[in-house]
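1. dropping the sequence and predicted coords here.
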Amino acid sequence: MKQQAKLAVLIGSCTLVMVIAGCAGQSISPDTSSSAADTSAPQVSLGAQTSHIDGEFVTDWVPPLLTSPEEKAAYYVSRLADRRFVSRYGDRDNPHTWYIAAERLGEIGLPAVPLLFTRLNTTDDYELMLALYALQLATQDPLLMVRTRGDYVQLPAALDPAANAENVRIARQWWQQHSAQFAE
């Protein structure tokens, strides 16, 4: 019995170390010294997850061993404040920014919502803007919309730090109405 307990502690410790090492690992930045860089190609860290966005491929790095949506949501919430965790796509005349963490949290949906509401108290305007944007996306999860009768966080001005105060008010009002859906 004691040997099983020691083995469980050892396995748990090793897993924790691997997850921490994966989350703390440095991302590799694209080479910006090249003057002949193609501006239409996405500029991101090397990664393991690829999406197709408006004709471009965007890659972001996800630490290994994150298997549940809750683990992935926690990882991406931790990356919201990282201004480098973005991708650029489009051309010189029409550049766009892909906010990787917010978009992934929107894809995760329901499991990300409670974690995102914990970020509404941040003093970082950039992080708050992305948390609100991710909330708008995540609350459109079909599983959640069935529970809320089609109601989701509808922001009049997403991705605008000047609108953060009003957007926080809207998000908190939505949470007051629907937080009971997360107690189930």
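-> Happy to help now that I have it. Since the model is a prediction, treat every value here as computed from it, not as a measurement. Numbering: from 1, shown residues only.
2. poorly predicted segments of this protein, please.
-> Counting by pLDDT under 70, the chain has low-confidence residues at 1-63, 184.
3. in this structure, what residue spans correspond to strands?
-> For the chain, the strands defined by DSSP state E cover 49-53, 56-60, 86-91, 94-99.
4. tell me how many other residues crowd the residue lying closest to His96 once chain neighbours are set aside.
-> Leaving out its chain neighbours, the residue that sits closest to His96 by CB to CB, 6 or more residues apart in numbering is Gly90, at 4.4 Å. Every C-beta, even on glycine, is put in place using the N, C-alpha and C of the backbone. Applying other CB atoms under 10 Å, we find 17 residues neighbouring Gly90.
5. with Thr67 instead?
-> Neighbours of Thr67 using other CB under 10 Å come to 8.
6. beta partners of Pro95?
-> Beta bridges link Pro95 to Gly90, judged by DSSP bridges.
7. that older thread, thought the residue nearest to His96 was touching Trp98?
-> No - at 9.6 Å, Gly90 does not count as touching Trp98 under the criterion of CB atoms under 8 Å.
8. can you show me the CA trace of stretch 131-149 as PDB?
-> Extracted C-alpha coordinates of stretch 131-149, given in PDB (Å, rounded to 0.1, in the frame of the first residue of the first chain):
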ATOM      1  CA  ALA A 131     -10.800  38.000 -22.100                       C
ATOM      2  CA  LEU A 132     -13.900  39.900 -23.100                       C
ATOM      3  CA  TYR A 133     -13.500  39.000 -26.700                       C
ATOM      4  CA  ALA A 134     -12.900  35.300 -25.700                       C
ATOM      5  CA  LEU A 135     -16.100  35.500 -23.600                       C
ATOM      6  CA  GLN A 136     -18.100  36.700 -26.500                       C
ATOM      7  CA  LEU A 137     -16.800  33.800 -28.600                       C
ATOM      8  CA  ALA A 138     -17.000  31.100 -25.900                       C
ATOM      9  CA  THR A 139     -20.500  31.900 -24.800                       C
ATOM     10  CA  GLN A 140     -21.700  31.200 -28.300                       C
ATOM     11  CA  ASP A 141     -20.900  27.500 -27.700                       C
ATOM     12  CA  PRO A 142     -24.000  25.600 -28.900                       C
ATOM     13  CA  LEU A 143     -24.100  23.500 -25.700                       C
ATOM     14  CA  LEU A 144     -24.200  26.700 -23.600                       C
ATOM     15  CA  MET A 145     -26.600  28.500 -25.900                       C
ATOM     16  CA  VAL A 146     -29.100  25.700 -25.400                       C
ATOM     17  CA  ARG A 147     -28.900  26.300 -21.600                       C
ATOM     18  CA  THR A 148     -29.100  30.100 -22.000                       C
ATOM     19  CA  ARG A 149     -31.900  30.100 -24.600                       C
END
